[in-house]
Every structure is written in structure tokens, then in C-alpha cells.
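Asker: Show me how the following folds:
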Amino acid sequence: VVVCGDGEYIIYTAMALRNKSFGSAQEFVWAADSSEYAVRESSSSIKIFKNFKEKKAFKPEFGAENIFGGHLLGVKSVSGLGFYDWETQELVRRIEIQPKSVYWSENGELCCIATEESYFVLKYNADALAAAADNKDMVTEDGIEDAFDVLGEVNESVKTGLWVGDCFIYTNSVNRLNYYVGGEIVTVSHLDRTMYLLGYIPADSRLYLGDKEMNVVSFQLLLSVLEYQTAVMRRDFETADKVLPTVPKEQRTRVAHFLEKQGFKKQALAVSTDPEHKFDLAIQLGDLDTASVLAKEAASEQKWKQLAELATSRAQFDLAQQCLHEAQDHGGLLLLATAAGNADMVAKLGESAGESGKHNVSFLSFFLLGELEKCLEILVSSNRLPEAAFFARTYLPSEVSRVVQLWKVQLGKISEKAGQSLADPAEYANLFPDFQTALQAETMLKKERGQRIPASDFTEIIPNHERNPLEEVLGQGEDLGDDDALLDDKDHPIQQGESGDTANQSKAAPVDDFEAELEKDLEDMKLDDIDTSDVNLDDEGLLED
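Answerer: The predicted structure is shown next:
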């Protein structure tokens, strides 16, 4: 134990507090080895002692405003912070920073440099120092460039701190007790007053702090959690697996979040006990089986939708269909069913969507299947009578009268005059031209609607927008009674010009037109006006020709 002040220091034994050594010093710091220490006698002189005997005295190039102990001797000067080797007193690395304090981990691999506004966590590379001893070209005027690697910077002001494994525990300027490990900051407690770290006792898994009134407070900080996080940071998963059983279950999720931030999502999934966290990890890892089990346990629509999206991206359409059903995502099911060309699935969706009150999806499903009667009933049952009337006029003219009567009743409740203004084709046939033809077209197209034509035949089918059913009916005339009059050998609708009779008629049409034109020209000719004076009608001449 050392006490330093008033320009001198005194070293006492830890147990009996006997005076062991003393001397003049402005500052006193220990090396990693407790038998070695250094003192700063002035702004230009530093002495190093070994086994209480002076070993070396040296003067830093830029002076010494403060010194810091640890695995390397730190010297603060106007040029920044310089780290020196305890054995050779050679400069290891100079960093342009004005530190307030320097903390080293027990194994000497990690170092925290705290300034007034932030702190930096560095990794010390001892091998670079050994390599530079054999190759002087690696040493510059600022030391060895590869001696330190910056692992992180945190904008917090450190009051007091210490290392436990690879975890840096500290109190900050806003009275919080935190620890830093692997880029993650964990808050242990919010302090109600300024307190100072005294130390950590691993056997008790407790962290001790004190205040200016000599009050001592302890906080639980599980050693097993710190050891596990330390092993992970060192990529020593064998040790981490051995430590994991000692981590309490209530701490497993916190450890899993730490693993996730370090990029070890698979290990985090195995460790976590929080179903929400496990599901998110399973989705990120693409683990469909685990995510499916968790979604069933949670029975959450949001989870089913997330799983459906993942299953679709992995071409697992059966699972995607199941997920969308569980999530009641009728829009997603419609997209999946139509993209797959699955008519049975579309039919089931139409029924289930109707039962769930999703009339828009139900209507579209039946419309795609050609079940127009069901579409009309959906409009009627949902009290969309104006739309139902126009739908019937367009696709099911035989239902127009029934729907108009319903519409009249509904509209009459609001305005009797408006209700009476609606015309029924059964009563006002003159207002519905070609209505009878439309009825015939409905009959003609009903068989086509009953056919489920494979999507692969789309190149052989005339698009609906290129067809005119009324003209087809008028063109067929009495042949409309023949069921196959407008269908080819695959029961596909064909154009009139594709049938044999129509083709023959089209071939004969140009001949008939030419003869009619010739006859008209002959009729218009005036033979009396023709001058025949120059015409030689000699029989002999004709015979000679």
C-alpha cells in the first residue's frame, strides 16, 4: 500500500501496515508487477524502482506532467501521451491525446484512456514490440505504429474505473455505474450521489463503491456473466460453453443480446430464453423450423406475416400459405394463389375471406374464377346494391330485374321519387337496347366461365378485350344453340373467322364483290355514244387475224 502527498511517498505492507520504503515524489504509480514502480520527482525526471531499489532514472523528451502505471509506463506531456517499456525505457507509442487517467486490464491486452469528455478502448499488441526489437525500421519518431489498435470510443467522462476480465467497469459524470464490453455499454445502476469504485470481489460477484462520507455500497455483478462475455471477446467458445451453465437463466437473454451485437447470432439463438428475441434471431438466421415453432406458441399475426415473408423468399410456398392463413392475411394469400395459378386455393380463399368479412378479397377471388353469381351475391349481401345493379347489367343481365327491385326498396327509404325513377328492363324494354341479345350472350358465355383453362394456354386464347360477345351472338344466329359453335377442340373460345364456314365465306366475299362491281359498270355504259367509224369490220381481215 502506498501513500503519496506533499512531495513524498511511503510504502506500507498490506497486512501489518509497516513502513517498507519511502522517498520524494510528486506522483507514484505501480507497474503490472507489484515489485516494480515509478515516481515522478519533477516535470523532467522519472525514476523506476525494482524490489524497492532504484533501477533507472530517465528524462522524457517532452517532459512529464503526469505518469500512469500498468503494463506500460504512461507519461503525459505537452506532445500527448507516451507509453514506455518498463525494462528498456524505450518509447513504444506516442498518442496525441491529453489523458486524465489510464486503466489497464489484468492480462495487459486492453487499455482504456480516459479524457475529460470521452474514453478510448485500445488493444495492445505485444508481438509488435517484440518484432520491432528485431527490426528497427518499424520504429518511427512516434514509436511503433502497430502497437495499439482502437477498439472503440465512447463519449462519456470516466470518474473512476477498473477492469474485470475484458469488461471495463466505470462510474461517469452523471452518476451512472456502467460497464463496457465488446462495444456494448451495460448500465448496472443509477447512483443517487457521487461514488467511487473501490474494487470487485469475484468470490462474492459483488462490486464495491464508496463515497466521501465513508459509506460503502455493493452491487451484484455476476462473475459468470463477465467471464462468459470475456471468453466471447477472446473468441474462446470452448471456455464460453463451459461457463454458460453457471449463468443464471434470468441473465441468459442479456448474454444473448451481447452475442448478437458481436455477430454471433446462432449462439445467441441457443442462449436466449426470451421468445420474442429468439423469434427475431430465427428470422435473421433464416431458421424456418425454429421460427415456425415460436410463431405457433406466440399466436401473433405479426409473427406469422414475418415468417410468411421469409418462407416466400426461400420458395417454401406451402409454409408461406400456412403462415398467411394463420395471420388472416387474405391479400397475401390472394397474391400467392394467383401467382401459383392454384384455382382450388383461390376458391377456398374466396369462402374464408367472405366468412371473415373481407368482401373485397372474396369478390376478387370469385371473379377470377368466373363465379359471377357469387360475386353478385357478395355485392347484394354487403348492401352495395347500386354496384350490384351495374355488375348485373354488365355480366348477368338475367339478374338485373331482381337487383333493381332491391335497389328501389333501398332507395325508396331515402327518396320515394328517386326509387321510382329506376327503370326495370322487364317493364321498360325500350330503355335497354340489345337486352335480349345480352341475355343470349350470358347463356353463351356461361359454359366458358365453367371451364378452368390452364395458364399455359394463354397464347391460344383470345383476350377478352378483343372480343365482342354481342357481335358473336348476332354473327352465330341460329347456330348459337350448338354448344361447340364458338369453342375449338380445347374448349377455347375462337373468333368467328377461325371457323370453317366463316373462312369459306371470307374467301367467297372478294369474288362476289368483284362481280357486283362489274355488273354495275356494264349497266352504266352508254353504247349509243361509241364512235365506230374507224373500226374495220371486214370479214376477210378478221379471218386473217
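
Asker: could I get the helix or strand harbouring residue 243 in PDB with only the CA atoms?
Answerer: Take DSSP states H and E as the rule and residue 243 turns out to sit in helix 237-243. Only the C-alpha atoms of helix 237-243 are listed here, as PDB (Å, rounded to 0.1, in the frame of the first residue of the first chain):
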ATOM      1  CA  PHE A 237     -16.000 -20.500 -27.300                       C
ATOM      2  CA  GLU A 238     -14.800 -23.700 -25.700                       C
ATOM      3  CA  THR A 239     -14.400 -21.800 -22.400                       C
ATOM      4  CA  ALA A 240     -17.700 -19.900 -23.000                       C
ATOM      5  CA  ASP A 241     -19.600 -23.100 -23.400                       C
ATOM      6  CA  LYS A 242     -18.100 -24.300 -20.100                       C
ATOM      7  CA  VAL A 243     -19.100 -21.100 -18.300                       C
END
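
Asker: Show me what it is packed against.
Answerer: Judged by 3 or more CB pairs under 8 Å, 6 or more residues apart in numbering; DSSP states H and E, helix 237-243 is in contact with helix 223-233. C-betas here are computed from N, CA, C, even on glycine.

Asker: Please pull out the lowest mean pLDDT helix or strand from the chain.
Answerer: Here the helix or strand of the chain ranked lowest by mean pLDDT, DSSP states H and E is helix 539-544, holding a mean of 42.

Asker: Who are the contact partners of residue 38?
Answerer: Counting by CB atoms under 8 Å, 6 or more residues apart in numbering, residue 38 touches 28, 29, 31, 46, 47, 48, 49, 67, 69, 73, 86.

Asker: Give me the buried entries from these.
Answerer: Buried residues within the contacts of residue 38, defined by neighbour count using 16 or more other CB atoms under 10 Å: 28, 29, 31, 46, 47, 48, 49, 67, 69, 73, 86.

Asker: which among those gets closest to residue 220?
Answerer: Of all these, residue 220 sits closest to residue 69, with 29.1 Å by CB to CB.

Asker: can you tell me the helix or strand for the spatially most central residue of the chain?
Answerer: Closest to where the C-alpha atoms of the chain average out (CA atoms, centre = their mean) is residue 284, at 8.4 Å. Using DSSP H and E, residue 284 sits within helix 275-285.

Asker: Beyond that helix, next helix or strand please.
Answerer: Next element after helix 275-285 (DSSP H and E): helix 288-298.

Asker: Centre of the chain to that next one, how far?
Answerer: With CA atoms, centre = their mean, to the nearest Å as the basis, helix 288-298 stands 18 Å off its chain's centre.

Asker: How about residues contacting that helix?
Answerer: Against helix 288-298 from outside (CB under 8 Å, 6+ apart): 269, 275-276, 278-279, 282-283, 303-304, 306-307, 310-311, 314, 316, 319, 323, 326.

Asker: hang on, the earlier thing: quick check: the two most widely separated of the buried ones among the contacts of residue 38?
Answerer: Going by CB to CB, the pair spanning the buried ones among the contacts of residue 38 furthest: 28 and 86, at 14.8 Å.

Asker: just to revisit the earlier point, how about the buried ones among the contacts of residue 38 in JSON lines, adding pLDDT?
Answerer: Compiled in JSON lines, the buried ones among the contacts of residue 38 are given as follows (pLDDT from 0 to 100):
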{"residue": "28", "pLDDT": "94"}
{"residue": "29", "pLDDT": "94"}
{"residue": "31", "pLDDT": "93"}
{"residue": "46", "pLDDT": "92"}
{"residue": "47", "pLDDT": "92"}
{"residue": "48", "pLDDT": "93"}
{"residue": "49", "pLDDT": "93"}
{"residue": "67", "pLDDT": "94"}
{"residue": "69", "pLDDT": "94"}
{"residue": "73", "pLDDT": "94"}
{"residue": "86", "pLDDT": "91"}
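
Asker: Out of the contacts of helix 288-298, which end up buried?
Answerer: Buried members of the contacts of helix 288-298, counted by 16+ other CB under 10 Å: 269, 275, 278-279, 282-283, 303-304, 306-307, 310-311, 316, 319, 323, 326.

Asker: picking that back up, got the angle for the helix holding residue 284 vs helix 288-298?
Answerer: 150 degrees (axes from the mean of the first three to the mean of the last three CA atoms, to 10 degrees).

Asker: distance between helix 275-285 and the chain's centre?
Answerer: The answer for helix 275-285 is 12 Å, by CA atoms, centre = their mean.

Asker: Include distance to residue 227 when you put the buried ones among the contacts of residue 38 into CSV, please.
Answerer: Conversion of the buried ones among the contacts of residue 38 to CSV gives the following (distance: CB to CB, whole Å):
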residue, distance to residue 227
28, 32
29, 28
31, 26
46, 37
47, 38
48, 34
49, 34
67, 32
69, 25
73, 30
86, 29
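
Asker: Go through these and name the one nearest residue 166.
Answerer: Closest to residue 166, out of all of those and judged by CB to CB, is residue 69, at 19.6 Å.

Asker: what is residue 184 paired to in the beta sheet?
Answerer: Beta-bridge partners for residue 184, by DSSP bridges, are residue 181.

Asker: show me what contacts it?
Answerer: Contacts of residue 184 (CB under 8 Å, 6+ apart): 257, 258, 261.

Asker: May I see the ChimeraX selection of the buried members of those?
Answerer: Entered in ChimeraX, the line below selects the buried ones among the contacts of residue 184, by 16+ other CB under 10 Å:
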select :257,258
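
Asker: Among the contacts of residue 184, which lie within strands?
Answerer: Among the contacts of residue 184, no residue falls in strands (DSSP state E).

Asker: In helices, which of the contacts of residue 184 appear?
Answerer: Counting by DSSP state H, the part of the contacts of residue 184 found in helices is 257, 258, 261.

Asker: Quick one: low-confidence residue ranges for this structure.
Answerer: Along the chain, segments meeting pLDDT under 70 span 477-545.

Asker: Nearest to residue 349, out of the ones in helices among the contacts of residue 184: which one, please.
Answerer: Distances from residue 349 to the ones in helices among the contacts of residue 184, taken by CB to CB, are shortest for residue 257, at 39.8 Å.

Asker: check contacts around the closest one.
Answerer: Residue 257 touches 184, 268, 272, 277, counting by CB under 8 Å, 6+ apart.

Asker: Thanks a lot, catch you later.
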